[in-house]
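Colleague: Fold the following, please.
(chains A and B)
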Amino acid sequence: MRRLLLGISAVALALWALLVGGAPAMAADTTIGGVIKSDQEAVPGVTVNVSDETGFVENAISDEKGRWRVVVPQAGTYTVLIETDTLPPGVSLRDPDRTSVEVTVGEGQTKSVLFPTGDAPVSSTSKLDQALQLTVDGFIFGLTIALAAVGLSLIFGTTGLTNFSHGELVTFGSLMAYFFSAIMGLPFIVAAAAAVFAGGLFGFLQDRFFWRWLRKRGTALIAMLVVSIGLGIFLRYFYLFIFGGNTRQYAEYSGQAGLVLGPIVVTPKALVGAIVAVVFLAATVAWLRFTRMGKASRAIADNPALASASGIDVNRVISIIWAAGAGLAALAGVIYSLSNGVSWISGFGLLLLIFAGVTLGGLGTAIGAIVGSIIVGTMIQLSTLLIPSELKNVGALAVLIIILMIRPQGILGRSERVG
Amino acid sequence: MAGTTIEGRDDHLRAAEGALVRIDDVIAGYFPGVNILNGCDLYAQSGELVGIIGPNGAGKSTLLKSLFGLVKVRSGKVTFDDKNITNKRADKLVSMGIGFVPQNNNVFPSLTIEENLQMGAFQEPKAFHSRFDEVADLFPALAQRRKQRAGSLSGGERQMVAMARALMMEPKVLLLDEPSAGLSPALTDEAFVRVKAINKTGVTVIMVEQNARRCLQICDRAYVLDQGRNAYTGTGKALANDPKVVELYLGTLAKA
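Modeller: All right, here's what the predicted structure looks like:
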């Protein structure tokens, strides 16, 4: 156990050292730049002045696409000033007093500075329409979380493992879909299917050669939880190493006009993603309820020793659960990245919400995980009506705490008769 | 006294010839360096009803578990049908024809009664319906409540579900760990009657019992364990009347 942890941390450390050590070699210019636009039209010929306290001063003039860029000598805080008299007639700053901005830029970074022009867009939608739109957005987001949460819940139910590297299974799916579509050149739908399959295979192999081995050695659940945190860190930074830190879009379906359905607007890809999610979630629930393997996995969740004594090959069923759970997580990654872009950290960002969904619904019940996730997703979006969107996750988690105070077993968790 | 106690290990070995289940000189335990069984022997001929009794901590349940691969056998040999099954995995043993009913947590609480029995027939799903009808004859109460969740059942009802589950694969031998544990006197009687009935259908039964006197009444043969060793063995009736066994393990109640 200790040797394994040491090994993992050594690898993680080595990888980290590689990344940090590699940074200077990749050093790019430290720049400040931006785009000046008015009513979606680029505004050329505007002078922007960048200066700092040490006396550095440089001017830049926006080009025909409205772009301007200044290379600064080092990291630090700079004052960026727009010379308003160079703005063409009829174009003025939205906030006439905000002609200069203080920005801090790090070594090798590019900092963008925007000067909004024209009138602020006036919100024409009513509070009710907004709430409706947010509910739909949140519901769709919740379905994506639910896909990942079901897998987490099934793995927890059958093995007792609280898998903190589940987010990396989500990321794996979105990265794989990017690999198959952008690099291998497959059509996106094929790439997505291949990514889900690859995700399932990844989960299967992870269980077969790693988690099963730990279970066989009798590793304690808390120790396994810590191992999963380590594995998560390892995978995350491995993704960063391979994929880089940028958020990229899939080549197809990246910019899509929204469909207007009455008071709400939904992009077709979000709608298709939601339908696919519903189909897969329904299939999972039906599988658990009606098939022999599904029942066996519920039996293992109840009592693995008794399941084995009934003639069930417990390890084989757990492998299937891992493959299915990881495949669903990969699907969640693909759907999420379709709207939010592919990044090395997207799954990790969702991890807390996945856990919230599973806990809210009642630990270890698949339907509970689905219901819980949808509530979490909807609450996150709806809460932006009342609180700043930066705090939206806080609002959803507050709901989680309140519900668990009233129903400690979760929404669909059942209390058992003892004896 | 002939036949009441083991004169020597040789006699016992001779009697064990051709037995369906054999445990030979098994040493086993849960934690490294701590042995619970210190060289135990046991056999059951086909069709026999064999009881294992003894004081608390004698290793009764451990002996049964060593038969089912649930405790690590450190030395010695377990055979079933002339095949070595020492430390074999439980699901493999089920497919060979051994059924096991644990003392506690013996049902899947979130599954219905029917699903519990389906799990019993996991390896032969096609045979489920015909087996279910047969088991329903033994336990009529279960058939009527097949859609009820096992978690809502009482201890006695759970015991029935557990036995029915273990019978779904038509085992040659059924291992029962304290089938009367936690049951009321009336239900205990019912449980023993049921065990006898299962045995009458031709299933070899090996059962561990806390309720020694009742166990000896229905057993063909029994073992008395003490500190991880066989202390006495003989027919149920002979042991029940053996003064040493009475004094040591049955107590004054037995005389009443």
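
Colleague: pretty sure B:T79 is in a strand, no?
Modeller: Yes: according to DSSP: H, G, I helix; E, B strand; the rest coil, B:T79 belongs to a strand.

Colleague: Name the SS class of the residue of the stretch 301-419 of chain A found nearest chain B, please.
Modeller: Of all residues in the stretch 301-419 of chain A, the one sitting closest to chain B is A:G311 (3.5 Å; Cβ to the nearest Cβ). Glycine gets a C-beta too; all of them are placed from N, C-alpha and C. With three-state DSSP as the basis, the three-state label of A:G311 is coil.

Colleague: give me every residue that touches it.
Modeller: Neighbouring residues of A:G311 by Cβ atoms under 8 Å, 6 or more residues apart in numbering or on different chains: B:A90, B:D91, B:V94, B:S95, B:G120, B:F122, B:Q123, B:M169.

Colleague: out of those, which touch chain A?
Modeller: Applying Cβ under 8 Å from any Cβ of the partner chain to these, one finds that B:A90, B:D91, B:V94, B:S95, B:G120, B:F122, B:Q123, B:M169 fall near chain A.

Colleague: ok, longest helix in chain A?
Modeller: Longest helix of chain A, by residue count under DSSP state H: helix A:127-159.

Colleague: Report the rounded mean pLDDT for that one.
Modeller: Averaged over helix A:127-159, pLDDT sits at 92.

Colleague: Show me how far it is from its chain's centre.
Modeller: From the chain centre to the centre of helix A:127-159 is a distance of 12 Å (Cα atoms, centre = their mean, to the nearest Å).

Colleague: With stretch B:185-199 instead?
Modeller: Using Cα atoms, centre = their mean, the offset of stretch B:185-199 from its chain centre is 13 Å.

Colleague: Any part of that stretch near chain A?
Modeller: No: judged by Cβ under 8 Å from any Cβ, stretch B:185-199 makes no contact with chain A; its nearest approach is 13.2 Å.

Colleague: Run through who's touching that stretch.
Modeller: Contacts for stretch B:185-199 (Cβ under 8 Å, 6+ apart): B:47, B:49, B:138-139, B:156, B:159-160, B:163, B:167, B:174, B:176, B:179-180, B:183, B:205, B:207, B:211, B:214-215, B:217-218.

Colleague: Which ones among these map onto strands?
Modeller: B:L49, B:L174, B:L176, B:V205, B:M207 (DSSP state E).

Colleague: tell me which of those is nearest to A:V276?
Modeller: If you rank the ones in strands among the contacts of stretch B:185-199 by distance to A:V276 using Cβ to Cβ, B:L174 comes first, at 48.3 Å.

Colleague: what about A:A257, neighbour count?
Modeller: 8 (other Cβ atoms under 10 Å in any protein chain shown).

Colleague: show me what contacts it?
Modeller: Contacts of A:A257 (Cβ under 8 Å, 6+ apart): A:T267.

Colleague: Please identify which helix or strand holds A:V80.
Modeller: Following DSSP states H and E, one finds A:V80 within strand A:76-82.

Colleague: Check what contacts whatever helix or strand comes next after that strand and list those residues.
Modeller: Proceeding N to C from strand A:76-82, the next assigned helix or strand is strand A:100-105, under DSSP H and E. By Cβ under 8 Å, 6+ apart, the residues outside strand A:100-105 that reach it are A:30-32, A:72, A:75-82, A:111, A:113, A:115.

Colleague: quick one: which of those residues is nearest A:A366?
Modeller: The closest of those, once distances to A:A366 are taken by Cβ to Cβ, is A:K111, at 45.6 Å.

Colleague: What about A:I275, how many residues nearby?
Modeller: 12.

Colleague: so where's chain B uncertain?
Modeller: Within chain B, the segments meeting pLDDT under 70 span B:1-8, B:250-256.

Colleague: now the helices for it?
Modeller: Applying DSSP H to chain B gives helices spanning B:9-15, B:60-67, B:90-96, B:113-120, B:128-138, B:140-144, B:155-167, B:185-200, B:212-218, B:236-241, B:243-245.

Colleague: Columns mean neighbour count on top of those helices, output as JSON lines?
Modeller: Output for the helices of chain B, formatted as JSON lines (neighbours: other Cβ atoms under 10 Å in any protein chain shown):
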{"stretch": "helix B:9-15", "mean neighbour count": "13"}
{"stretch": "helix B:60-67", "mean neighbour count": "24"}
{"stretch": "helix B:90-96", "mean neighbour count": "19"}
{"stretch": "helix B:113-120", "mean neighbour count": "25"}
{"stretch": "helix B:128-138", "mean neighbour count": "15"}
{"stretch": "helix B:140-144", "mean neighbour count": "14"}
{"stretch": "helix B:155-167", "mean neighbour count": "23"}
{"stretch": "helix B:185-200", "mean neighbour count": "16"}
{"stretch": "helix B:212-218", "mean neighbour count": "20"}
{"stretch": "helix B:236-241", "mean neighbour count": "19"}
{"stretch": "helix B:243-245", "mean neighbour count": "15"}
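
Colleague: is stretch A:205-223 anywhere near chain B?
Modeller: No: judged by Cβ under 8 Å from any Cβ, stretch A:205-223 stays clear of chain B, getting no closer than 11.5 Å.

Colleague: Need the distance between the two termini of that stretch.
Modeller: 20 Å (Cα to Cα, to the nearest Å).

Colleague: now what about that stretch, what contacts it?
Modeller: By Cβ under 8 Å, 6+ apart, stretch A:205-223 touches A:1, A:4, A:159-162, A:224, A:227, A:231, A:315, A:318-319, A:322-323, A:326.

Colleague: Equivalent analysis for stretch B:69-78, please.
Modeller: Outside stretch B:69-78, the residues that reach it (Cβ under 8 Å, 6+ apart) are A:305, A:309, B:21-30, B:35-36, B:39-40, B:62, B:65-67, B:84-90, B:93, B:100.

Colleague: quick one on the thing from earlier: between the contacts of strand A:100-105, which is nearest chain B?
Modeller: Checking the contacts of strand A:100-105 against chain B with Cβ to the nearest Cβ, the nearest one is A:K111 at 55.1 Å.

Colleague: Surely that closest one is in contact with A:D29?
Modeller: No: taking contacts as Cβ atoms under 8 Å, A:K111 lies outside contact range of A:D29: 11.6 Å.

Colleague: which residue does the stretch 101-250 of chain B bring closest to chain A?
Modeller: Chain A sits closest to B:F108 of the stretch 101-250 of chain B, with a gap of 4.1 Å, by Cβ to the nearest Cβ.

Colleague: Over to chain B?
Modeller: Residue of chain B nearest chain A, by Cβ to the nearest Cβ: B:V94 (3.5 Å).

Colleague: give me every residue that touches the residue lying closest to A:S51 once chain neighbours are set aside.
Modeller: Using Cβ to Cβ, 6 or more residues apart in numbering or on different chains and skipping residues adjacent in sequence, the residue nearest A:S51 is A:V57, 4.4 Å away. The contact partners of A:V57, by Cβ under 8 Å, 6+ apart, come to A:N49, A:V50, A:S51.

Colleague: For A:P388, grab phi and psi.
Modeller: The phi and psi values for A:P388, taken as degrees, to the nearest 10, are phi -60, psi 150.

Colleague: what's the distance between it and A:E102?
Modeller: Distance of A:P388 to A:E102, computed by Cβ to Cβ, to the nearest Å: 22 Å.

Colleague: Please name the nearest non-neighbouring residue to residue 145.
Modeller: I went with chain A, as the question did not name one. Spatial nearest neighbour of A:I145, chain neighbours left out: A:S373 (4.1 Å); criterion: Cβ to Cβ, 6+ apart.

Colleague: let's do chain B instead
Modeller: B:I113 (5.8 Å).

Colleague: doesn't B:Q144 make contact with that neighbour?
Modeller: No: the pair B:I113 / B:Q144 is not scored as a contact, 9.5 Å apart, by Cβ under 8 Å.

Colleague: re earlier: I'd like the helices of chain B as JSON lines, with distance to A:G395 appended.
Modeller: JSON lines is the format used below for the helices of chain B (distance: least, Cβ to Cβ, whole Å):
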{"stretch": "helix B:9-15", "distance to A:G395": "73"}
{"stretch": "helix B:60-67", "distance to A:G395": "52"}
{"stretch": "helix B:90-96", "distance to A:G395": "48"}
{"stretch": "helix B:113-120", "distance to A:G395": "40"}
{"stretch": "helix B:128-138", "distance to A:G395": "50"}
{"stretch": "helix B:140-144", "distance to A:G395": "49"}
{"stretch": "helix B:155-167", "distance to A:G395": "44"}
{"stretch": "helix B:185-200", "distance to A:G395": "54"}
{"stretch": "helix B:212-218", "distance to A:G395": "63"}
{"stretch": "helix B:236-241", "distance to A:G395": "70"}
{"stretch": "helix B:243-245", "distance to A:G395": "71"}
